[in-house]
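Engineer: my questions are about this predicted structure, shown below with the sequence.
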Amino acid sequence: MEPHVRRFFLLVIQRTLAALLAATIVLYIGDYVYARLRLAKATPTDPVETITINPYYEVPQKSGKFELYSLDPQQVTCVHAIFPHFGDNACWYVKRQGNKPIAIP
């Protein structure tokens, strides 16, 4: 590949990465401002929610099967947003990850 073509591709890649980074930053700031405004209004659609998750251990047995041990239900505070804010994870993430087994090696 010729040097000027290689430089062009590098420039395109750099600008694309810079645009993606800028878009992510703008999305994060907009998400935070929207959550902060909803929190300030204190309406029934507050962005913060408490979800109950049921964690459990997944312990491997010698036979190759797994035994499950339930833990006590836990209350987890989350925020209805795309990204985590206010020290809490996003609710979509908590709902997805909250009921996954905790693997014991």
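Structural biologist: Done, it's in. Keep in mind that what you see is a predicted model, and the values were worked out from it rather than measured.
Engineer: mind listing what's buried in stretch 89-99?
Structural biologist: For stretch 89-99, burial by neighbour count (16 or more other C-beta atoms under 10 Å) applies to 89-91, 94, 98. Quick note: C-beta positions are derived from backbone N, CA and C, even for glycine.
Engineer: residues contacting it, please?
Structural biologist: Contact partners of stretch 89-99, identified using C-beta atoms under 8 Å, 6 or more residues apart in numbering, comprise 49, 51, 53-55, 76, 78-84.
Engineer: repeat that for stretch 22-32.
Structural biologist: Contacts of stretch 22-32 (C-beta under 8 Å, 6+ apart): 81-83, 85.
Engineer: one more: stretch 52-68?
Structural biologist: With contact meaning C-beta under 8 Å, 6+ apart, stretch 52-68 is reached by 69-71, 73-76, 94, 98-99, 101-105.
Engineer: and these, which are buried?
Structural biologist: Among the contacts of stretch 52-68, those that count as buried by neighbour count (16+ other C-beta under 10 Å) are 76, 94, 98.
Engineer: now do the same contact list for the first one.
Structural biologist: Val76 makes contact with 50-53, 89, 94, 98, according to C-beta under 8 Å, 6+ apart.
Engineer: about what we covered before: columns secondary structure, neighbour count and pLDDT on top of the contacts of stretch 22-32, output as a markdown table?
Structural biologist: Shown next, in a markdown table, are those (DSSP: H, G, I helix; E, B strand; the rest coil; neighbours: other C-beta atoms under 10 Å; pLDDT from 0 to 100):
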| residue | secondary structure | neighbour count | pLDDT |
| --- | --- | --- | --- |
| Ala81 | coil | 22 | 93 |
| Ile82 | coil | 16 | 94 |
| Phe83 | coil | 15 | 95 |
| His85 | strand | 21 | 93 |
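Engineer: okay, among those, which ones form the most distant pair?
Structural biologist: Pairwise distances across the contacts of stretch 22-32 (C-beta to C-beta) peak at 9.4 Å, for the pair Ile82 and His85.
Engineer: about what we covered before: just the contacts of stretch 22-32 now: which is nearest Leu39?
Structural biologist: Sorting the contacts of stretch 22-32 by how near they are to Leu39, with C-beta to C-beta, puts His85 at the top with 9.1 Å.
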